[in-house]
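Coordinates for the following, if possible.
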Amino acid sequence: MQQFIEKYKDQIVGSLSGFDRVIFRGSLRRLHYGRWDQGLKAFVAHGMEQYLSLNGILFKNYQDHVKTISERLKRCTVEPLKKQNVPVVFLRDGQADKEALAREVAAERKLESGMVCVISALEPSPTFEHRGMHIIRRIRPCHVLYHYQIHEQVGWMHARIQTWFPFNIQIAINGREWLARQMDQVGLRYRKQGNCFVWLQDYGRAQELLNEQLKTDWAQLLGGFSKQLNPIPESVFERFRSDYYWTAFQTEWASDVVFKDAEFLKRLMPLLVRHGMLSFASADVLRYFGRKVNQSGAIPANFHGKLQSDMKGRQEGERVKYQMNGNSTKFYDKAYSECGSVLRAAETTLNTVNDFRVFRPKEGGPEDDLEWRVMRKGIADLHRRAQVSQKTNDRPMDALASVDDSRSIEELTREIQEPAIWKGRRIRALRPWGDDHELLKVINDGAFFLNGFRNRDLQQRLYATAADSEAERRRRSAKVGRLLRILRGHGMIQRVNRTHRYEVTAAGRRTITAVLTAARTTLRQLNQLGNAA
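Reported below is the predicted structural model:
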């Protein structure tokens, strides 16, 4: 995003890129092994059948066996937490906002670390059932347990386990929550608003801490959570060894740019949104995700995926999103505050990764047989996923650096067309398209650029004939004096030190130039500009 940052460097305090939300999934892959049976119109779970066979369990007793194991799992998971006075809440509505409920519990308990609560619910989940001579895979309502906690390393998080075979696990962590924990440990001060930082003591050091997250031993970290959720796998799978295989189900990689002036960002956002929606074509979206286009700029004929751009209004403002085959990148204004305002300059969400490549050996093959192969969902390719996400963030933001952010005529003239207070006195609004148009033309005269102008100079330009009496001269001088006060009150002119002369300010020059240029522009010229745009 260096082009974007360089363009607005005078307004930008700092930037930060790293993981936002990351959802991991753990599955006992050996149980899921099987094939599709055309006759049954179902997926036959040979792995589960083998488990039952090795444990001497008849298919007809499948239901009783898994129910016994499920009750045992729930008891071993929940009972120790109840003894620690951790609340266990059952939700009848599986669609209820569990995150909000858990945060309410944390606030009531005034927790800063440790287990917050366990939320129990029924949710549709992949499991197995006995049908005829086989065990097949199907989706059915299963009892799940959500463990919410403020973890000593990663901060606020939750982990969910399906208490029915095959005991799937989902773990959600947040890179920004994790970063806050890291900064607390090293004594780095910050201001947090929601899920972003509106001020950081040291952006460079904070970025280093975010980068350290990528060095995590993910298998060890996730394995520790799985032992909390499922403390009985060794005994259950004693005769059928099956370990959790971890995948990154969904990752969000966010790049935040912090602006020091909230009003500047509020003005810039509509321009970025308009440019992002009207200036980028489908081929551009393809490039953002690292895909090649034809030399003509057209989409290759062998691309059969889905490309989409859309805009959505949010409470804070508007966001623009680009999507390709289930993956997306978007930008939006994230937070406004007195100490800094955050533009979520880009946020790439990866759900399907088979469109990307990683330089790796074949799974199960020789370690030195390295080639560019399809990216896997497994945590082994998580570092490469971060690289791909950052590049996907960079491309649209560098493209947005070309936005025309010059001020419109409406913006330049809005304030001067409203009454103002100057030196404790109310002054009227200027009428640049009406009575004051000639006045603006006069003070913009090139003859006044070097030495400025006086009251008498304006009288000579504004009146066609000389004053025929002393009373008329005084009347004209007083009227021009009032006009000068109005111009000064609106910041259009300023007095030259130790003189009775005045000069047009830089802001006044821009406004006058815009007004006079617009007045000279014909309707035909405006139509030509509109067609060109």
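
Next SSE downstream of the strand or helix carrying residue 274?
According to DSSP states H and E, residue 274 maps onto helix 262-278. Of the helices and strands lying after helix 262-278 in sequence (DSSP H and E), the nearest is helix 282-288.

Give the rounded mean pLDDT of that following helix.
The average of the pLDDT scores along helix 282-288 is 87.

what does stretch 145-154 give?
95.

Stretch 509-526 now?
For stretch 509-526, the per-residue pLDDT averages 80.

So what touches that stretch?
407, 409, 412-413, 416, 432-433, 437, 440-441, 443-444, 492, 504 (C-beta atoms under 8 Å, 6 or more residues apart in numbering). No exception for glycine: its C-beta is placed from N, CA and C like everyone else's.

next one: stretch 180-198
16, 20, 151-155, 174, 176-177, 179, 199-202, 205-206, 209, 212, 256, 258, 334-335, 337, 339-342, 344.

Let me know the pLDDT of residue 18.
96.

who's in contact with it?
So residue 18 contacts 175, 176, 179, 207, 210, 211, 213, 253, 254 (C-beta under 8 Å, 6+ apart).

List buried residues within the residues you listed.
175, 176, 179, 207, 210, 213, 253, 254 (16 or more other C-beta atoms under 10 Å).

ok, of the residues you listed, which one's closest to residue 263?
Set against residue 263, the nearest of the buried ones among the contacts of residue 18 by C-beta to C-beta is residue 254 (23.7 Å).

The closest one touches residue 349, doesn't it?
No - with contact defined as C-beta atoms under 8 Å, residue 254 does not count as touching residue 349 (9.4 Å).

sec struct for residue 383, please.
Using DSSP: H, G, I helix; E, B strand; the rest coil, the structure places residue 383 in helix.

cool, and the one 5 residues further on?
The three-state assignment at residue 388 reads helix, by three-state DSSP.

Please list the outside residues in contact with stretch 353-368.
Residues contacting stretch 353-368 (C-beta under 8 Å, 6+ apart): 289-291, 305, 324-325, 327, 350, 369-377, 380-381, 384-385, 388.

again, but for stretch 153-160
98-99, 102, 144-151, 169-174, 177-178, 180-181, 221, 225, 228-229.

One more pass at 7 Å, please.
102, 144-151, 169-174, 177-178, 180-181, 225, 229 (C-beta atoms under 7 Å, 6 or more residues apart in numbering).

measure the spatially closest residue to residue 46 that is not a sequence neighbour to residue 136 for me?
Take residue 46 and drop its neighbours on the chain: the residue closest to it by C-beta to C-beta, 6 or more residues apart in numbering is residue 34, 4.4 Å away. Using C-beta to C-beta, to the nearest Å, residue 34 is found at 8 Å from residue 136.

got any residues that touch both of the two?
43, 44, 45.

Next, the second one: phi, psi?
It refers to residue 44. phi -90, psi 120 (degrees, to the nearest 10).

Show me which of the contacts of stretch 509-526 are buried.
412, 413, 416, 432, 440, 443, 444, 492, 504.

Wait, the third one touches residue 489, no?
No - with contacts counted by C-beta atoms under 7 Å, residue 416 stays clear of residue 489, the gap being 9.5 Å.

which regions of the protein sit below the pLDDT cut-off?
Along the chain, segments meeting pLDDT under 70 span 316, 525-533.

just to revisit the earlier point, restricted to helices, list the contacts of residue 18.
Under the assignment DSSP state H, the contacts of residue 18 contribute 175, 176, 179, 207, 210, 211 to helices.

now those residues in JSON lines, with distance to residue 510?
Converted to JSON lines, those look like this (distance: C-beta to C-beta, whole Å):
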{"residue": "175", "distance to residue 510": "43"}
{"residue": "176", "distance to residue 510": "40"}
{"residue": "179", "distance to residue 510": "42"}
{"residue": "207", "distance to residue 510": "37"}
{"residue": "210", "distance to residue 510": "40"}
{"residue": "211", "distance to residue 510": "43"}
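
Would you check which pair of the residues you listed lies furthest apart?
176 and 211 (14.1 Å).

sorry, back to before: the residue nearest to residue 46 is in contact with residue 44, isn't it?
Yes - if you go by C-beta under 7 Å, residue 34 and residue 44 touch, sitting 5.0 Å apart.

tell me which element residue 185 falls in.
helix 175-186.

name the helices or strands packed onto the helix or strand residue 227 falls within?
In this assignment (DSSP H and E), residue 227 forms part of helix 218-229. The elements that helix 218-229 packs onto, with contact taken as 3 or more C-beta pairs under 7 Å, 6 or more residues apart in numbering; DSSP states H and E, are strand 12-28, strand 155-162, strand 169-174, strand 244-259.

Pull the number of nearby residues for the residue nearest to residue 319 when sequence neighbours are not counted.
Leaving out its chain neighbours, the residue that sits closest to residue 319 by C-beta to C-beta, 6+ apart is residue 332, at 3.2 Å. Residue 332 is flanked by 22 other residues according to other C-beta atoms under 10 Å.

Ok, residue 143 next?
Using other C-beta under 10 Å, residue 143 has 18 neighbouring residues.

check contacts around it.
Taking C-beta under 7 Å, 6+ apart, one finds 120, 122, 163, 164 in contact with residue 143.

Just give the nearest non-adjacent residue to the last one, would you?
Looking back up the chat, that one is residue 164. residue 142 (4.4 Å).

How much space separates that neighbour from residue 338?
Look at residue 142 and residue 338: by C-beta to C-beta, they are 48 Å apart.

ditto for residue 453
Residue 453 is 41 Å from residue 338, by C-beta to C-beta.

Also residue 69?
56 Å.

Looking at the two, which is more packed in?
residue 69 (17 against 9).

The more buried one touches residue 236, doesn't it?
Yes - assessed by C-beta under 7 Å, residue 69 is found in contact with residue 236 at 6.0 Å.

Which helix runs longest in this protein?
The chain, longest helix under DSSP H: helix 62-83.

Could you check the angle that helix makes with strand 155-162?
On the basis of axes from the mean of the first three to the mean of the last three C-alpha atoms, to 10 degrees, helix 62-83 is oriented at 150 degrees to strand 155-162.

Direction included, what does the helix or strand just after helix 62-83 pair against?
As assigned by DSSP H and E, the chain's next helix or strand after helix 62-83 is strand 88-90. With DSSP bridges as the test, strand 88-90 is paired with strand 114-131 (parallel).

List the buried residues for the strand it pairs with?
115, 116, 117, 118, 119, 121, 125, 126, 127, 128, 129, 130.

Now do that strand: distance to the chain's middle.
30 Å (C-alpha atoms, centre = their mean, to the nearest Å).

Equivalent analysis for stretch 42-61, please.
45 Å.

buried stuff in it?
42, 43, 44, 45, 46, 47, 48, 49, 50, 51, 52, 59.

Show residues contacting it.
So stretch 42-61 is contacted by 30-37, 62, 65, 128, 130-131, 134-137, 239-240 (C-beta under 7 Å, 6+ apart).

Weed out the non-buried ones from those residues.
Looks like the contacts of stretch 42-61 have 30, 31, 32, 34, 62, 128, 130, 134, 135, 136, 137, 240 buried, using 16+ other C-beta under 10 Å.

Tell me the secondary structure at the closest residue to the first one other than its chain neighbours.
Yep, that's residue 30 we're talking about. With C-beta to C-beta, 6+ apart as the criterion, residue 30 has its nearest non-adjacent residue at 4.2 Å, and that residue is residue 242. Secondary structure assignment for residue 242 (three-state DSSP): coil.
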